[in-house]
Structures are given as structure tokens and as C-alpha cells.
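# what follows is a protein structure lacking sequence information:
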Ligand SMILES: O=C(O)CCCC[C@@H]1SC[C@@H]2NC(=O)N[C@@H]21
């Protein structure tokens, strides 16, 4: 069920209240205008009119996979929904053996983890994407088009309830000094937020059911297929202020990010802000 309000501070804050008063799993709340949106790590989330601001609720069960992995469930559902609206969504069968990423140099796409490389052209990862623009996942749940962020996902927990808040730049994107941003409109599509949410809610319900029924494995597989290739150079900015540079080497069985460091060691990262370099 989808409830829509004209304006609110934060749909996540509202959904946490609804969760505390017994709301059932599956409820979605969408605000046409969200004026105090919350982002990850205490940041604000700015949502110009025409963008999607919505939250839903998952009630955890004893047999569920780790709650934190709902971040990957939300990410694969959102990636799927965004690609429905991108031009030429079928155009993803290019699998180059070598991948040239900035600042230059060739990176082998097949990592030691043996994951199959994602089907990306360098232009789709780094360039303007053009008519072949694709929505690419970056750990844990950012979605990028041609390197620019198009959406944000924020998970918040209250007892057995996890609130999953999703903001998508459909019509417009706010400027961000720290990282490039984009919108679906900038790529030739501007779905109505209500219609977009129907698509997203359907995809989320489907991936949530798989997460419950089959565990994290199919979600992880799908995430890897839709993420930057193995071998992509990343910087992880860690919660303690440190940073680690390395090459993307897949996800562990729990969905944590694996970085291959310059000395060849693998580092498993559970929490960080990740940047493509
Ligand atoms: O920092 C991020 O990338 C996450 C942003 C999450 C924004 C969404 S918009 C709907 C929901 N309500 C909020 O207050 N935040 C989330």
C-alpha cells in the first residue's frame, strides 16, 4: 500500500513513527515535498519538487539474513526500477576483457575472487553515458549514471522494524560540491514520482521475497552484475577518518566490500564512504 502526503519533513522520520505504532510491513509513504530529508552519516538530503522521496517498512523475522543486507536489497530493486526508465536498457551486453579507467592504465576486469566482470563499457562508467547510459551500483547502495549519483538510500532501525528510505533525482538534481550528481531527466526520462514508486515498490517486494526465501546469495549476485567492474579503483573513507585505496575485489558472503590493496592483501570493509578514483 502506498500513502502519499503533500509535504513532510522526512518520510523516514514519519515511517519510524508509524513503525512504533504498529504499521505493517509493505507500507510505503511518499511525500510530494520533503523539506528536512535525512541522508547517510548525518548529512541532509535535498529533494527538489518532482523527485521521489519515499520510505517503506520491513519487519524482521528470526530467520531473515542480517538486517544490514537490506541495503543491498534496496539497491538492486532501485537499480532495476531506474533502468526501466533509461533509454535503451537492453544495451548491456558488452563485456570487454580489459578496462581502461582513469587516470589511465589498463585494469584487468577479472579479480582474484573469480567474479565475472560486470558488463560495462568505460564510457558507461566514466563518460557521459550518452544513449547507452546505465545505472551502476556503488557499494553499498549508491546508484550512479556515468559516475554521477542519482539516488540515495538510508536504512534506519526501530526494534524489529527497518525503515528503508529512498530518494531519487527524477526531475532535478541538487548541486553537491563533494561529488557529481545527476537526474533521470538529465538522461531524457522524467517519470512521474507516483508512477516511478509503483515500479520501485514492485521490484522491492520481489527482491525482498528472494532475500527471505533464498538468503543473500541471489541479491549479492545481482548486485555484482550491476556494480562497477572487479578491478575498479576505489577509495574507502572509513568512519574513523582513515582512508584506504585499492581495487574492487567483490563482496564477501555477508555483503561486505572487498578491496585489494597495493601490497596484494585483501581488506574487508563493513562501513565506509566509497569513491571511484
Ligand atoms: O545520503 C544518502 O545517500 C541517503 C539519502 C536518503 C534520502 C531518502 S529521501 C526519502 C527518505 N527520507 C529521508 O529523510 N531520507 C530518505
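Yep, it's here. Every value quoted in this text rests on a predicted model; they were computed, and no experiment measured them.

# the biggest helix by length in the chain and the ligand, are they touching?
Secondary structure of the chain per DSSP state H: the longest helix is helix 193-214. No - Helix 193-214 does not reach the ligand (CB under 6 Å from any ligand atom); its nearest approach is 10.9 Å. (Glycine included, C-beta is placed from N, CA and C.)

# pull the distance from that helix to the chain's centre.
14 Å (CA atoms, centre = their mean, to the nearest Å).

# now swap in stretch 205-225 and tell me
So, by CA atoms, centre = their mean, the centroid of stretch 205-225 is 14 Å from its chain's centroid.

# contacts for it next, please.
Contact partners of stretch 205-225, identified using CB atoms under 8 Å, 6 or more residues apart in numbering, comprise 26, 58, 61, 63-66, 69-70, 72-73, 75-77, 80, 115-116, 118-119, 137, 250-251, 253-255.

# return the subset of these lying in strands.
Among those, the members found in strands (DSSP state E) are 58, 137, 250-251.

# now, the most widely separated pair of those residues?
Greatest spacing in those, by CB to CB: 58 and 250 (25.5 Å).

# of those two, which one has the most company?
residue 58 (24 against 20; other CB atoms under 10 Å).

# show me where the stretch 1-150 of the chain has strands.
Using DSSP state E, counting those that start in this stretch, the strands of the stretch 1-150 of the chain run over 2-8, 28-34, 37-38, 44-45, 52-59, 98-100, 106-108, 135-138, 142-145, 148-158.

# which residues touch residue 196?
Neighbour list for residue 196: 52, 81, 85, 168, 170 [criterion: CB under 8 Å, 6+ apart].

# dump those into a markdown table; add pLDDT, distance to the ligand and neighbour count as well.
Listed next are those as a markdown table, based on pLDDT from 0 to 100; distance: CB to the nearest ligand atom, whole Å; neighbours: other CB atoms under 10 Å:
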| residue | pLDDT | distance to the ligand | neighbour count |
| --- | --- | --- | --- |
| 52 | 98 | 8 | 27 |
| 81 | 97 | 14 | 25 |
| 85 | 94 | 18 | 19 |
| 168 | 98 | 8 | 27 |
| 170 | 97 | 12 | 25 |
